[in-house]
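**Q** no sequence on this one, just coordinates:
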């Protein structure tokens, strides 16, 4: 390697660390979610990024029946209600910085599981990838 490249190597390493950032994904599960088949993702009225549709699509990709929309449109045969909170940030582009999922039984209302994604960096995962990772952690077989 040339001496000029060797002098720049530490700077490149620091730059790479700053761009990748740190991410955190945690999950807790009280009951095996694989035993449920019918899920409904409640749409947040103040969230315009359609995360409810991404979550429902990921549940369907895993072989479950899932829909999304306002809670008033939830089918009567729903077994698990999925709620979420998302935090978006804008830094020259809008990106997902935090996503929290909760899974509850419908009647009676009991919490079954939750999962959290947090990545405060300029190069976060795309929302479908974050949803896939969170749901994947809760549905490991």
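**A** Happy to help now that I have it. Just so you know, these numbers come straight off a predicted model, no measurement behind them.
**Q** Could you point out the helix or strand that follows the one helix or strand in the chain whose mean pLDDT sits lowest?
**A** Least confident helix or strand, the chain: helix 3-20 with a mean of 51, by mean pLDDT, DSSP states H and E. Of the helices and strands lying after helix 3-20 in sequence (DSSP states H and E), the nearest is strand 24-29.
**Q** name the helices or strands packed onto that following strand?
**A** On a contact count with 3 or more C-beta pairs under 8 Å, 6 or more residues apart in numbering; DSSP states H and E, strand 24-29 meets strand 111-118, helix 127-138. Every C-beta, even on glycine, is put in place using the N, C-alpha and C of the backbone.
**Q** Can you add mean neighbour count and mean pLDDT and give these back as TSV?
**A** TSV is the format used below for the helices and strands packed on strand 24-29 (neighbours: other C-beta atoms under 10 Å; pLDDT from 0 to 100):
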stretch	mean neighbour count	mean pLDDT
strand 111-118	19	95
helix 127-138	19	93
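**Q** Out of the ones you listed, flag the one nearest residue 28.
**A** strand 111-118 (5.5 Å; C-beta to C-beta).
**Q** Partner strands of that closest one, with direction?
**A** strand 24-29 (antiparallel), strand 94-105 (antiparallel) (DSSP bridges).
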